[in-house]
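J.: Predicted coordinates and the sequence they were generated for:
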Amino acid sequence: MKRKVTKAIFPVAGLGTRFLPATKSVPKEIMTLVDRPLIQYAIDEARAAGIKEFIFVTSRGKSALEDYFDQAPDLENSLRKAGKDELLKTLKETSMDSGAIAYIRQHRPLGLGHAVWCARRLVGNEPFAVILPDDVIAAEKPCLQQMVEAYEETGGSMVATMEVSPEKTSSYGVLDVASQTGDVVTVKGMVEKPAAGTAPSNLAVIGRYILSPKIMQNLNRIEKGAGGELQLTDAIAREMDEGRDVFGYRFDGKRYDCGSKAGYLQAMVAFALEREDLRDEFGAYLTEIMALRTTAR
């Protein structure tokens, strides 16, 4: 019998150097899309998928991230006295119940696989999800919820996947596809950041995973891979080597790479235009700016 996925790992130990100097004092995951931090989008997606236990793999300098999920009694009292009930409700949604959230330190930056491995004792012998907050996915039904529903039919391990242009495959883990049924792809191999022209497909692995607990054993045994880091992709590939099922799920939604400046700005514009309180004024401003740029040419 397949066990329900109720635990999720959030690897948030990275230094966010692409966003310096902002990330000198503010964790990248606290940077906002409109008025919500990146990490809040990840948490909301996990909650929608039925996740009950949230495991953060952090590093030194991430105390602001921990504080974000704590209660803020003074601020709550101030909002309550001012009758700002909607803001109070929004604020309470950011708090996590005692015992629902745990923090584990990754002391050395040894890759995504190592970050996941750091949470092995909290995962135990249960399937678990991994969510990379840098990958923000706008979808009518949250991406991880789509995957959990598919996983209930397939079991095994599952990764989110999407098509990328052939020249970009060297920036991703890439699937070697055996077959496809609907949105579910049966995988026979995975390659991390293949050299140009060698990728087995253009289906890239995106930052959502549902993994068998055996992945932790694989991470114990594999050697460092691409970039001298412990690659999660290599541990998943070992599942296939040992005859266990791995699937790709072609999710319905739009992914934004908020680990890059261009992707972050694209997401900012897209999410702002989805807001009823912003779309008219902000949309008019964008139209004006683009008209000025066209005239200037």
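T.: Noted; the coordinates are in hand. Numbers count the residues shown, from 1 in each chain.

J.: Am I right that I206 sits in a helix?
T.: No. Applying DSSP: H, G, I helix; E, B strand; the rest coil, one finds I206 to be strand, outside a helix.

J.: Any idea which residue is closest to the centre of this structure?
T.: Geometric centre of the chain, nearest residue: L132, 2.4 Å, by CA atoms, centre = their mean.

J.: Once you drop chain neighbours, what's closest to it?
T.: Leaving out its chain neighbours, the residue that sits closest to L132 by CB to CB, 6 or more residues apart in numbering is G207, at 2.9 Å. All C-beta atoms are positioned from the backbone trio N, CA, C, and that covers glycine.

J.: tell me, how many neighbours does that neighbour end up with?
T.: As a burial measure, G207 scores 21 neighbours (other CB atoms under 10 Å).

J.: does the residue nearest to the centre of the chain really touch R208, like I thought?
T.: Yes. Using CB atoms under 8 Å, L132 is in contact with R208, at 7.5 Å.

J.: Show me the helices in the stretch 51-200 of the chain, by range?
T.: Ranges of helices within the stretch 51-200 of the chain are 63-68, 73-81, 85-92, 112-117, 120-123, 143-154, based on DSSP state H, counting those that start in this stretch.

J.: my read: V5 touches Y209, true?
T.: No. Look at V5 against Y209 with CB under 8 Å: they stay out of range, at 10.3 Å.

J.: any shared contact partners between those two?
T.: Common contact partners of V5 and Y209 (CB atoms under 8 Å, 6 or more residues apart in numbering): A129.

J.: Need the winner for burial among the helices of the stretch 51-200 of the chain.
T.: helix 112-117 (a mean of 24; mean count of other CB atoms under 10 Å).

J.: Show the average pLDDT along that one.
T.: On average, the pLDDT along helix 112-117 is 90.

J.: go on, stretch 126-141?
T.: Here stretch 126-141 scores 94 as its mean pLDDT.

J.: Please put the alpha-carbon coordinates of that stretch into PDB.
T.: Presented in PDB, the C-alpha positions along stretch 126-141 are these (Å, rounded to 0.1, in the frame of the first residue of the first chain):
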ATOM      1  CA  GLU A 126       8.300   7.600   4.400                       C
ATOM      2  CA  PRO A 127       8.000   9.000   0.900                       C
ATOM      3  CA  PHE A 128       8.600  12.800   0.900                       C
ATOM      4  CA  ALA A 129       8.400  15.800  -1.300                       C
ATOM      5  CA  VAL A 130      11.200  18.300  -2.200                       C
ATOM      6  CA  ILE A 131      10.300  21.800  -3.200                       C
ATOM      7  CA  LEU A 132      12.800  24.300  -4.500                       C
ATOM      8  CA  PRO A 133      11.400  27.800  -3.700                       C
ATOM      9  CA  ASP A 134      13.500  29.300  -6.600                       C
ATOM     10  CA  ASP A 135      11.100  27.600  -9.000                       C
ATOM     11  CA  VAL A 136       7.800  29.400  -8.600                       C
ATOM     12  CA  ILE A 137       5.000  27.700 -10.600                       C
ATOM     13  CA  ALA A 138       1.800  29.600 -11.400                       C
ATOM     14  CA  ALA A 139      -1.000  27.100 -11.900                       C
ATOM     15  CA  GLU A 140      -4.700  26.800 -11.400                       C
ATOM     16  CA  LYS A 141      -4.100  23.600  -9.500                       C
END
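
J.: Just the buried positions in it, please.
T.: Buried residues in stretch 126-141, defined by neighbour count with 16 or more other CB atoms under 10 Å: P127, F128, A129, V130, I131, L132, P133, D134, D135, V136, I137, A138.

J.: Quick one: neighbours of V177, just the number.
T.: V177 has 16 nearby residues by other CB under 10 Å.

J.: got a list of what it touches?
T.: V177 sits next to V185, T186, V187, K188, P200, S201, L203, G248 when contact means CB under 8 Å, 6+ apart.

J.: try E86
T.: By CB under 8 Å, 6+ apart, no residues touch E86.

J.: gap between the closest residue in space to R221 that isn't next to it in sequence and E152?
T.: Nearest residue to R221 in three dimensions, chain neighbours excluded: R238, at 7.5 Å (CB to CB, 6+ apart). R238 sits 24 Å away from E152, taking CB to CB, to the nearest Å as the criterion.

J.: domains of this protein?
T.: For the chain, automatic domain parsing gives the domain ranges 7-259, 260-297.
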